[in-house]
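A.B. asks: pasted the sequence and its predicted model underneath.
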Amino acid sequence: MAALQKLGERLTLLPTAQLARMSLSEEMQAALAETARIKSHNALRRHYRRLGKLLRGEALDAIRQVVDEIDGNHQTDVARFHALERWRDRLVDGQSEDFGEFLTNYPDADRQHLRHLIQAVHREREKSQPPTAYRKLFKYLREVSGL
C-alpha cells in the first residue's frame with residue numbers, strides 16, 4: 001500500500017502531458033487534478049492514501065513503465081548536462097588538445113566563436129567580474145550539442 005501511495009504522490013508531480021500518456025481512469029484523473037487545490041499537509045497525506053487506493057484498480061505495469069521512462073530520460077539529460085559542464089571547465093582551464101578534442105566531438109561548433117567566448121571568460125576572471133561570459137559559453141555548448 002505504501003508503494004502505491006508513493007506512486008500516487010509521484011504522479012501528482014508529473015505534468016498533464018505526461019499523465020496523458022497513461023491510460024488512467026476518469027476518477028484517477030480527477031483525483032490527480034484535485035491535488036493542486038489541497039494546501040494542508042494532513043489533507044495531502046489523506047489524499048495520497050486515496051490515490052493509493054485508486055491505483056489498485058489501474059494498470060500498474062503500464063503506469064510504472066511510463067514513470068520509469070520519464071525518470072530514465074531525466075537521468076540521461078542530467079548526465080549530458082554534467083558532461084557539458086565538464087567540457088566547459090576543460091575548455092576554459094585546458095590546453096589546445098581539449099579544444100581540438102571538443103571540435104572533433106562537435107564538428108558543427110564555430111571555432112572562432114568558441115575561442116572568443118573562452119577568451120571572454122579569461123578576461124572576466126582576470127577582472128573578477130560576474131560570470132556572464134562563463135554562462136554564455138555554457139549556453140553555446142548546449143546549442144552545439146543539441147541539448
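C.D. replies: Received, thanks.
A.B. asks: next one: the one helix or strand in the chain whose mean pLDDT sits lowest to chain centre, how far?
C.D. replies: Lowest on mean pLDDT, DSSP states H and E among the helices and strands of the chain sits helix 16-20, with a mean of 81. Put simply, helix 16-20 sits 16 Å off its chain's centre (CA atoms, centre = their mean, to the nearest Å).
A.B. asks: per-residue confidence for the most centrally placed residue in the chain?
C.D. replies: By CA atoms, centre = their mean, the chain has its centre lying nearest to H74, at 4.8 Å. H74 carries a pLDDT value of 74.
A.B. asks: secondary structure element for it?
C.D. replies: Using DSSP states H and E, H74 sits in helix 60-93.
A.B. asks: now do the helix or strand following that helix against helix 60-93: the angle between them, please.
C.D. replies: On the C-terminal side of helix 60-93, the closest following helix or strand by DSSP H and E is helix 96-105. Angle, helix 96-105 to helix 60-93, by axes from the mean of the first three to the mean of the last three CA atoms, to 10 degrees: 140 degrees.
A.B. asks: average model confidence for whatever helix or strand comes next after helix 96-105?
C.D. replies: Later in the chain than helix 96-105, the nearest helix or strand by DSSP H and E is helix 111-126. In this model, helix 111-126 has an average pLDDT of 92.
A.B. asks: got the buried residues for helix 111-126?
C.D. replies: Buried residues in helix 111-126, defined by neighbour count with 16 or more other CB atoms under 10 Å: L114, L117, I118, A120, V121, E124. C-betas here are computed from N, CA, C, even on glycine.
A.B. asks: again, but for stretch 132-145
C.D. replies: The neighbour-count check on stretch 132-145 (16+ other CB under 10 Å) flags A133, Y134, L137, F138, Y140, L141, V144, S145 as buried.
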